[in-house]
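[1] Got a sequence here, can you build the structure:
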Amino acid sequence: MKICALIPAYNEEKTVSHVVTVTKSLPEVKRVIVINDGSEDDTSNVARMAGADVIDLEKNSGKGAALKAGFDECNADIVIMLDADLIGLKKEHIYSLLNPIMNNEYDMTVGIFNEGRNLTDIAQKISPHLSGQRALKGEILNKIQNLDSSGYGVEVVINRYVREHGQIKKVSLPDLTHIMKEEKMGFWKGFKSRIKMYMEVLKAVFLFFID
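    Modelled structure (predicted):
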């Protein structure tokens, strides 16, 4: 069984190394791919130094396009998706995502932060379906369309397809969190980026949910 991990990253030089290192420590994971989405910092080199294969996109194309580039490259039985800005990631978190898929109990798992930080815990309780931490069967992933144009709505597109064609399990990821946009970019720039993210999510809902 071939298992591949995909880590889309934009300006994540401070955190991507740890995410790659932990993921590579799982013997079941045969390949870790970081998709560098036009970063302006040293994300690409840091990811390579940590042992990841890196796909460098020439310009910032959005999360959906970045993940689609990774999907096209990995050709795996199971695909793990992880954010590059995770704080506190452990092997146990990844196994929580993987095991229900490896045991053929579910078609996709979605990881929910729990007891990490209040703000990120609350955000995921409000919109758990937007979590970037997940694992799913490659055979299902290969059938999902419109990923490259979905931007931050990529999880919405994936969720809809798997709900209609498979089974989803939510799993708790205790003591895991991530750096919020407002912390990485400064309040106003991060806030504008967050609004852009929500707009892309809403766009995905209207384009791909309403026929």
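
[2] Quick check: which ranges of this protein have low pLDDT?
    115-129, 148-153, 180-211 (pLDDT under 70).

[3] Grab the nearest non-local neighbour of Ser172.
    Asn114 (4.6 Å; C-beta to C-beta, 6 or more residues apart in numbering). Placement of C-beta: from N, CA and C, glycine included.

[4] Just list the residues touching Gln167, thanks.
    Under the criterion of C-beta atoms under 8 Å, 6 or more residues apart in numbering, the contact list for Gln167 reads 105-108.

[5] Now name the helix or strand holding Val110.
    Remark: Val110 resides in strand 108-114, with elements defined by DSSP states H and E.

[6] is it true that Met1 touches Asp77?
    Yes: contact criterion C-beta atoms under 8 Å: Met1 and Asp77 qualify, at 4.9 Å.

[7] Could you pull up the contacting residues of Ser172?
    Applying C-beta under 8 Å, 6+ apart, we find Ser172 in contact with 96, 111-112, 114.

[8] wait, isn't the residue nearest to Ser172 in contact with Leu173?
    Yes: because the distance of 6.2 Å satisfies C-beta under 8 Å, Asn114 is recorded as touching Leu173.

[9] who has more neighbours, these two?
    Neighbour totals were compared for Asn114 and Leu173, and Leu173 leads with 25 against 16 (other C-beta atoms under 10 Å).

[10] show me where the chain has helices.
    Secondary structure of the chain by DSSP state H: the helices cover 16-24, 43-49, 63-74, 91-102, 118-126, 138-141, 154-165, 181-185, 187-209.

[11] Pull the fourth one out as CSV, backbone CA atoms only.
    Taking C-alpha atoms only, helix 91-102 is exported to CSV below (Å, rounded to 0.1, in the frame of the first residue of the first chain):
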residue,chain,number,x,y,z
LYS,A,91,3.1,10.7,14.9
GLU,A,92,0.0,9.8,16.9
HIS,A,93,-1.9,12.6,15.2
ILE,A,94,-1.1,11.2,11.7
TYR,A,95,-1.9,7.7,12.8
SER,A,96,-5.3,8.9,14.0
LEU,A,97,-5.9,10.1,10.5
LEU,A,98,-4.4,7.1,8.8
ASN,A,99,-5.7,4.1,10.7
PRO,A,100,-9.4,4.2,9.8
ILE,A,101,-8.4,4.4,6.1
MET,A,102,-5.8,1.7,6.3
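
[12] If anything else comes up later, I'll come back, but that's it for now.
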